[in-house]
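A.B. asks: Show me how the following folds:
(2 chains)
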2 protein chains.
Amino acid sequence: MTAPDSRLSINQATIKHADLAAALRVTVEAGVEAIGLWREPVQEVGLATAATLLADSGLRFTTHCRGGFFTLPEGLARRAAIDDNRLAIEEAATLAAAAAEGSTAVLVLVAGGLPDGSRDLIGARERVRDAIGELVPDAAAAGVTLAIEPLHPMYASDRAVVSTLGQALDIAADFDPAAVGVAVDTFHIWWDPDVLNQIARAGRDGRIATYQVCDWRTPLPADVLLARHYPGDGVIDFASLTRAVSDAGYRGDIEVEIFNERIWADAPANVVRRTAETFGSTISPHLPAKPGSTP
Amino acid sequence: MTAPDSRLSINQATIKHADLAAALRVTVEAGVEAIGLWREPVQEVGLATAATLLADSGLRFTTHCRGGFFTLPEGLARRAAIDDNRLAIEEAATLAAAAAEGSTAVLVLVAGGLPDGSRDLIGARERVRDAIGELVPDAAAAGVTLAIEPLHPMYASDRAVVSTLGQALDIAADFDPAAVGVAVDTFHIWWDPDVLNQIARAGRDGRIATYQVCDWRTPLPADVLLARHYPGDGVIDFASLTRAVSDAGYRGDIEVEIFNERIWADAPANVVRRTAETFGSTISPHLPAKPGSTP
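C.D. replies: The predicted structure is shown next:
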């Protein structure tokens, strides 16, 4: 059995039912070098303990998932969301500082959907930009990059009013690339006729904060949030997307993030092993050769 | 009870379980002036009979649904699809000629999804353009406008590799606007950050062949094809979209096309009445005043 690709990072959502200690353990035991964490399991043990566990694992830390939910109009709930994002920035900075060399302090942002009863998509999008503007000083001070994640347009009403990579880059353009970048997730953007141009633009602008992969397959499940598959099990052309991300200059870790009831029901160790295998067969062949490796 | 808006057209899919004669009858009885037809119920009675029934109804004919499915590689199945589209063009021309003054000969085209086992989205899109190029002489000779319909990106893999209005307009740009236009359907494009610009562009280019309305609401049903709702029952901002279509110069009939199991289970006469009511409350207020009407 070959070792997993050194650039593979397991996003913790892929092994949703493992707590933080278990997630770290199965990832290390599979020979994977990096992990992306979610806020809930970190908060479950407390930030200080999470940072210690992560440091002890020897894994690189790649993203913290997730902040955002910025579409509410001004008021107490919006203030609470902004404050919670400040906490998430602090978590991301703490975890990245504790983890192995090569870690990145990236907080993934999901924009949020239309507020209940609202049809004002344009207004909601403006409030996302405003919220990011409020958080940029905190992110810059903490050395954290906020990664705006465009979500598939089927989530535009109830989860994320940012639907394309181009739109995410338009928002990011107002801010320093060290503070605001984008998340390039194949599941959300594979269908976009302009995706290759926008990936190139993201590279030119220095905005690719994370590259995440998983596959798209139909029919969609009843809960369309859980429609994600192992790379290779669907229709996404990982060759063109992965080469575009590499050509755009991205050399960081690559997360596999899968929400799928069937995969969650499997043992986490199996899932990590299968993730490494599918990453090796569908993503690795399209990455640039590592320095010093034989072609 | 007020009369339905004179620009309302009932797309036959909204009353799917009515045969052609019943669809025409309930539409006329509701005081609606126009209808869009589907190929299957037309073929069920035969084209000549369908044309007679339509002429006798006194209704305007607005679109024929639908052609397309152009993504297969060269071979017998692709040839059969092209030939079937030639037949659909002939049907559209015959029906439009038979129907009341003010009818339009428009054939709506759904691009088709990725062929089984293929991940080549770019190639599939090129084959759509090629197929339209093959059909343009037939459409021009018959006086039919082919309306490329971008479908929501959640259908990109299994139904339509044309996902945005901008992409549809890019394809149409190669051809005479009399022969190739676009279908502007709120359900498919409401989420697009560039939608208002692209509607304006469609108007400038003379490409708006039909404007279709229905609403988007979550959660999506298990079969996401059936996720369409009466205007006003969801989150789409019909004010901005309808004004944009009017500002772009479109003055034609406006179809309501709904796929929804619950609505299909209702009596067709109820559905047409409810459609006219929701059109009157959500679309009519945003249309330009009719010549001679009191503001």
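
A.B. asks: what does the stretch 51-200 of chain A have sitting close to chain B?
C.D. replies: A:114, A:118-122, A:125, A:152-154, A:156-158, A:163-164, A:166-167, A:170, A:190-193 (Cβ under 8 Å from any Cβ of the partner chain). C-beta here means a position set from N, CA and C on the backbone, and glycine is covered the same way.

A.B. asks: which residues make contact with the one helix or strand A:V272 maps to from outside it?
C.D. replies: Element membership of A:V272 [criterion: DSSP states H and E] is helix A:268-282. With contacts defined as Cβ atoms under 8 Å, 6 or more residues apart in numbering or on different chains, helix A:268-282 is touched by A:2, A:4-5, A:8, A:10, A:14-15, A:17-18, A:22-23, A:26-27, A:29-32, A:213, A:230-233, A:238, A:254, A:256, A:258, A:263, A:266.

A.B. asks: Among the residues of the stretch 51-200 of chain A next to chain B, the buried ones, what's the PyMOL command?
C.D. replies: Applied in PyMOL, the following selects the buried portion of these according to 16 or more other Cβ atoms under 10 Å in any protein chain shown:
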select buried, chain A and resi 114+118+119+120+121+125+152+153+154+156+157+158+163+164+166+167+190+191+192+193
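
A.B. asks: can you give me the strands in the stretch 51-200 of chain A?
C.D. replies: A:60-68, A:106-110, A:145-148, A:180-185 (DSSP state E, counting those that start in this stretch).

A.B. asks: what's the closest of those strands to A:R39?
C.D. replies: With Cβ to Cβ as the criterion, A:R39 lies closest to strand A:60-68 of those, at 6.8 Å.

A.B. asks: That closest one - contacts with which helices or strands?
C.D. replies: Counting contacts by 3 or more Cβ pairs under 8 Å, 6 or more residues apart in numbering or on different chains; DSSP states H and E, strand A:60-68 packs against strand A:8-11, strand A:34-38, helix A:39-45, helix A:76-98, strand A:106-110, strand A:208-213.

A.B. asks: In a markdown table: the ones you listed, plus mean pLDDT.
C.D. replies: Output for these, formatted as a markdown table (pLDDT from 0 to 100):
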| stretch | mean pLDDT |
| --- | --- |
| strand A:8-11 | 98 |
| strand A:34-38 | 98 |
| helix A:39-45 | 98 |
| helix A:76-98 | 98 |
| strand A:106-110 | 98 |
| strand A:208-213 | 98 |
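
A.B. asks: Comparing the ones you listed, which comes out most buried?
C.D. replies: Comparing the helices and strands packed on strand A:60-68 by mean neighbour count (mean count of other Cβ atoms under 10 Å in any protein chain shown), strand A:8-11 comes out on top with a mean of 29.

A.B. asks: Paired strands for that strand, with orientation please.
C.D. replies: Strand A:8-11 has the following sheet partners, assigned by DSSP bridges: strand A:34-38 (parallel), strand A:254-256 (parallel).

A.B. asks: on that earlier part again, make TSV out of the helices and strands packed on strand A:60-68 and add distance to A:F70.
C.D. replies: Shown next, in TSV, are the helices and strands packed on strand A:60-68 (distance: least, Cβ to Cβ, whole Å):
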stretch	distance to A:F70
strand A:8-11	22
strand A:34-38	19
helix A:39-45	16
helix A:76-98	6
strand A:106-110	8
strand A:208-213	17
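
A.B. asks: Indicate which one of those is closest to B:V182.
C.D. replies: strand A:106-110 (31.3 Å).

A.B. asks: other SSEs contacting that closest one?
C.D. replies: Under the contact criterion of 3+ Cβ pairs under 8 Å, 6+ apart, strand A:106-110 touches strand A:60-68, helix A:76-98, strand A:145-148, strand A:180-185, strand A:208-213.

A.B. asks: Minimum distance to B:S246: which of the ones you listed has it?
C.D. replies: Closest among those, using Cβ to Cβ: strand A:145-148, at 33.3 Å.

A.B. asks: quick one: contacts of the closest one?
C.D. replies: Counting by Cβ under 8 Å, 6+ apart, A:63, A:67, A:89, A:104-109, A:111, A:132, A:135-136, A:139, A:162, A:168, A:171-172, A:178-183, A:209-210 sit against strand A:145-148.

A.B. asks: Is any residue of stretch A:209-225 near chain B?
C.D. replies: Yes: residues of stretch A:209-225 contacting chain B under Cβ under 8 Å from any Cβ: A:W216, A:R217, A:T218, A:P219, A:L220, A:A222, A:D223, A:V224.

A.B. asks: Please list the members of these that lie in helices.
C.D. replies: Per DSSP state H, helices hold no members of the residues of stretch A:209-225 next to chain B.

A.B. asks: out of the residues you listed, which one sits closest to B:I283?
C.D. replies: A:V224 (27.8 Å).
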